[in-house]
Structures are given as C-alpha cells and as structure tokens.
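Show me the folded form of this:
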Amino acid sequence: MARPRLLRLAALAAAAAFALAGCGGAAGSGGTTLKWGFYLPTSWDPVTSSTGNDINTISLVYASLTQLDEKGNAGPGLAEGWKYNADGTAVTFTLRPNLKFTDGTALDATAVKQSLLRGKTQQNSLLKDQLATISDVTADDATHVTVKLVAPDYQVPNLLAGKTGAIVSPKAFTDDAAAIPTAPVGAGPFKFESFVPESKAVLVKNPDYWDAQDIKIDRMELTPATASTSVIPAVQSGALDVAYITGDQVAQAKAAGLQVDVVDSFGVNQVDVHSGLAPLTDRKVVDALKYAIDRKAIIDVANGGIGDVAYQPFPKGYVAYDPSLDGIYAYDPAKAQQLLAAAGYQPGQLSLTVTVNAVSQATAEVVQQQLQKVGVNATIKVVPPGSSTWQQEVYLGRKAQFALDGTVGRESPVQNLTVVYGPEGLMNTSKVASPEFLAALDQVRRTPLDSPQYPQILQNAVKLGVEMSPSFSLGTMPRIAIRNPKVSPLPHFLSQYRWEGVTKGAGA
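Numbering: from 1, shown residues only. Purely as a prediction, here's the structure:
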C-alpha cells in the first residue's frame, strides 16, 4: 500500500526508453509487442516487494488466488470460488483445474499452501503482518485449499487478490529463493524472458495463464525512465507504446495526437507525519499543519486539476469512503496560525523538513510555500531515486518529519488501514494506534462483506483512523495514461493496471 512519493507516474518514461526500446510493433516471432514506460518493481518476489505499487508490475508474471473487479470487489482468480465455514474462522478455495506455473510444475492446492506459508514464515518476508490473520493452510485435495484463521476474518478473499495472494512456484523458491527477486516464476499472464536490473524487463505471453484468451499482447517490454520531458516524444516516436503522465501534461499529449486515458484508482496522496520527532510531538502543531495545506491548489499545480481533494485514504464511491469526513481539515490558514500560537510558536519560529521523492519536488515546493504562509519555515529534502532509498529514509529508517507520500490502496480495506494507520504499518512512521481504532478494525474483520452493517462498520474504522493519526490525506490520484492511437484503451480497474483485452494495431 505504501507508495514512496507523491507519485507523478507521468514522469516514468524517458531517455532510457529511447535507448532500450526499438521502434515498430512486432516481436521477432511475428507477435504483437507492447512497450510500456513505467518502472521496475522493488523486487519481483511478492514476499520481498516493499511497496504496494509493485502490484502493477509483478502481476504481469504472477496470478493471485482471487482478483478484484472494476469496483474493487473480490472475484475469481486462480480460485474459481470460495466458501467460509459457519463461524468465519476458515475459508476453502476451489482452484481451477489443471493450473500450472511457467516452469511446468503443477499449481495445485499443495503449491498454494506452500506459497502462502512461505509468505508467512520466511525470515525476510514483508507479508508477515498481512498474513498474520492466517493460522495454517491445508491442502484438502488437488483443487481445494483451506485457509485457517486466527479469528473470524471475512476480508481474506480481498486480501489474497494482490501481492499477498500472488502464488510463487514452490520448485523455484525451494531450489533458490534468493533468485526469485530477479527471476520470478509464477502463473500470470506473462512469462519472464529476460531482465536487466534498473534497465529493462522482457516478458512473453503465458499460454497456460487461466485467462490467456483475454491477453492479446504477445510480448511486453517494460522500461523505467525518469525524465518527464521525454515521455510524450517517446510515445510519438514509437520508442514507447504506453506511458504515464501527470495531469499538467494532458493538453500537450492531446496536441501531439496521442490518446489519453484517465482511470480512477485507489491511489490517494498523503503526508506521513512522524509524531515522535519534535516539534511534531505537540498535537496542536500537527493539527495546524493539516489546516495549513491547500489540497486543491496542490492538485491544480501538480496534476493539472485532475483528482479530488481527500481527507481519507479511500476514493469517493468506494465502500470504505466515509462522507462525514469531507472537509474535516479543510484549508484554513488562520486556524493553522491560531493552533501554532497556542503551541507557543510565533511566525518564523517553527522549522520543518519536508521529505520528498525526486519526481515530486515541484509538489514539495508548493507545500513549502503554503507552510511559509502560516509562519512555518520548511526545508525540502529530496530522496534520490532508487528501489530502496525511500524505504530506508522514511519507512524503515523513520527519519522523516513530514514526508510527501501516497497509498495505492491495498486490495482489502482493512489491509490498507493497517498499512496507513496500524501500529506496524509502513506508512505509520509514528508507530502509534489507539485501542479504539484497533478494536474497530477487528469488528470489520468479523463482519461478512454482504452484511447490511458492513459499510457503516468499515467507515467507522476509517473515521477513527483519520481522527487518530498525525498523518493526513491530500488528494486522489487517478492514473493518466498516454498511448499510441493504435493501442486500444486500457481497462478501468481501481486496484491496478490491467491488460485484458488491450490490443495494438499494425504499424503502431
């Protein structure tokens, strides 16, 4: 769920794309090649991947037990169905028959058991907290696997729709678990062909994928890049077929004759506030900062007006969205100044460091100006690019007072709330959570998703998390894609980028 930067995904395609991706639309075998300018995951192993946003790339090579539909509801994936026991303490998944990994081994109930338990027990697993709800996994027969739970938890089908439920070949991780981060073996829509770290990944269609009939692309070339000024020229020239831009580039992309898709997502920008670092140990100072930020101005400046102001880590229209939170910390510089004065700070007496990823420096400058307007001296600290630098600075090192971040929204709303507000959540750099919030999360887990009370129970947990946390939401982050006109529109899924049905015409 965590996403290290205010995620100007538009910036992710550039000079490297020109050097690494050729023009033209067909692979050497005569199939269709799609060149995607995005970014490479922190790890190709779902167990050691360190950001929620990695689901967009690792889902190319892995299939998960379940899969979210367009509205974020769990549906069939590797499992064609599931059933809970009477008290909600176990759920049995029925696998599709004759599944197999790209290494040729069977993807059966035993393989699912081994893969899930690896995520729960491997020493360096970053899925342990997500899988803590599971007490054991049993293979009942070849196509039935039962997930046993510590306590009733009806979130599990959603939980297993993303990285947490991505099934890795047991043969691959038994032979060499250390190789998985750069040589993944799964059962997703594509098979790994080659990989150059920090440079390029080449994937080919997996004919044994359970939904292979809906994958029309024969070859995917994934190249990372950093220079936002090169994105549009790269797609124009054919060096890329699809890339991602920020809202302030939409007009330029359309003028260049490119197609633009704006796709709603779970993504919400956030400020991670570490209340254990002075002067943020004073709640009045923290609340002052929440009122000092003009969220709409950030969206207008940084994203061309695309996106909605947000006061919670879920988009409007999703079941977890609590309408009562609208405007809870609406922009009010006078109130911010009053709170700072009550905390004993006169204008110019309080100093703060704003930590930001390199691609979001312009946003940090807007925030800096807004803080200065209420008398806070803000210094910008730019974290250099790299697969782990943000994690070491913010999530693991917990050195940042005020970090511009974002959540992509995990597949389960409880999973998202745990990462953002839970006591061990990566984005909760303060590592504090109230007993009331934790009790509310437990109540959500115990409530069946089809219960009439479920939306209100879930929204109550969201409200408690927002009111408790020193961190705060800024705005939603729709995905903005530019594409060659001969590439068909991308599917609209809240949870991640998906490629079902995407085609590329001749000559693209």
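
residue ranges of the strands in the stretch 101-250 of the chain, please?
For the stretch 101-250 of the chain, applying DSSP state E, counting those that start in this stretch gives strands covering 134-141, 144-149, 190-196, 200-205, 219-224, 242-244.

tell me, which helix in the protein spans the most residues?
Counting by DSSP state H, the longest helix found in the chain is helix 454-468.

still on that earlier bit, now render the strands of the stretch 101-250 of the chain as a markdown table, adding mean neighbour count, distance to Gly409 and mean pLDDT.
Bear in mind the C-beta positions are built from the backbone N, C-alpha and C, glycine included. Formatted as a markdown table, the strands of the stretch 101-250 of the chain follow (neighbours: other C-beta atoms under 10 Å; distance: least, C-beta to C-beta, whole Å; pLDDT from 0 to 100):
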| stretch | mean neighbour count | distance to Gly409 | mean pLDDT |
| --- | --- | --- | --- |
| strand 134-141 | 15 | 22 | 98 |
| strand 144-149 | 21 | 23 | 98 |
| strand 190-196 | 17 | 24 | 95 |
| strand 200-205 | 21 | 24 | 97 |
| strand 219-224 | 23 | 22 | 94 |
| strand 242-244 | 27 | 17 | 92 |
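
For these, give me JSON lines that also has distance to Ser451.
Listed next are the strands of the stretch 101-250 of the chain as JSON lines, based on distance: least, C-beta to C-beta, whole Å:
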{"stretch": "strand 134-141", "distance to Ser451": "22"}
{"stretch": "strand 144-149", "distance to Ser451": "17"}
{"stretch": "strand 190-196", "distance to Ser451": "38"}
{"stretch": "strand 200-205", "distance to Ser451": "41"}
{"stretch": "strand 219-224", "distance to Ser451": "40"}
{"stretch": "strand 242-244", "distance to Ser451": "37"}
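
residue boundaries of the helices in the stretch 51-200 of the chain?
Using DSSP state H, counting those that start in this stretch, the helices of the stretch 51-200 of the chain run over residues 55-58, 109-121, 156-159, 170-176.

Which among these is found nearest to Gln370?
Of all the helices of the stretch 51-200 of the chain, it is helix 55-58 that lies closest to Gln370, at 30.5 Å by C-beta to C-beta.

How far away from the center of its chain is the closest one?
9 Å (C-alpha atoms, centre = their mean, to the nearest Å).

next one: stretch 202-222
So, by C-alpha atoms, centre = their mean, the centroid of stretch 202-222 is 22 Å from its chain's centroid.

Pull up the distance across it, start to finish.
Counting by C-alpha to C-alpha, to the nearest Å, you get 6 Å between the two ends of stretch 202-222.

repeat for stretch 302-310
Length of stretch 302-310, first residue to last, C-alpha to C-alpha: 15 Å.

do the same with stretch 34-49
Start and end residues of stretch 34-49 are separated by 24 Å (C-alpha to C-alpha).

Next secondary structure after the least confident helix or strand in the chain by mean pLDDT?
Across the helices and strands of the chain, mean pLDDT, DSSP states H and E gives its lowest value to helix 15-20, namely a mean of 35. Per DSSP states H and E, helix 15-20 leads on to strand 33-38 as the next helix or strand towards the C-terminus.

Let me know the angle separating that following strand from strand 219-224.
With axes from the mean of the first three to the mean of the last three C-alpha atoms, to 10 degrees defining the directions, strand 33-38 sits at 20 degrees from strand 219-224.

Describe which strands strand 33-38 pairs with in its sheet and in which direction.
strand 219-224 (parallel), strand 242-244 (parallel) (DSSP bridges).

what angle do it and strand 200-205 make?
Here strand 33-38 runs at an angle of 140 degrees relative to strand 200-205 (the same axes, to 10 degrees).

Would you mind confirming that Tyr318 is in contact with Thr476?
No: contact criterion C-beta atoms under 8 Å: Tyr318 and Thr476 do not qualify, at 10.3 Å.

Looking at the two, which has the bigger crowd around it?
Neighbours were counted for Tyr318 and for Thr476 using other C-beta atoms under 10 Å; Thr476 has more, 24 against 16.

Run a quick neighbour tally on the residue lying closest to Val502 once chain neighbours are set aside.
Once flanking residues are discounted, Val502 sits nearest to Ser488: 5.5 Å by C-beta to C-beta, 6 or more residues apart in numbering. Ser488 has 16 neighbours, counted by other C-beta under 10 Å.

Show the backbone phi and psi for the residue nearest to Asp332 when sequence neighbours are not counted.
Among residues not flanking Asp332 along the chain, Tyr291 sits closest, at 4.5 Å (C-beta to C-beta, 6+ apart). For Tyr291, the backbone dihedrals are phi -80, psi -20 (criterion: degrees, to the nearest 10).

what about Leu95, how many neighbours?
25.

So what pairs up with it in the strands?
Ala79.

these two touch, right, it and Ala106?
No: if you go by C-beta under 8 Å, Leu95 and Ala106 don't touch, sitting 10.3 Å apart.

and Leu352, what does it touch?
279, 289, 371, 376-379, 401-402 (C-beta atoms under 8 Å, 6 or more residues apart in numbering).

Can you add pLDDT, secondary structure and neighbour count and give those residues back as CSV?
Below are the contacts of Leu352 laid out as CSV (pLDDT from 0 to 100; DSSP: H, G, I helix; E, B strand; the rest coil; neighbours: other C-beta atoms under 10 Å):
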residue, pLDDT, secondary structure, neighbour count
Pro279, 96, coil, 18
Leu289, 98, helix, 27
Leu371, 98, helix, 23
Val376, 98, strand, 26
Asn377, 97, strand, 14
Ala378, 97, strand, 20
Thr379, 97, strand, 10
Gln401, 97, coil, 22
Phe402, 97, strand, 26
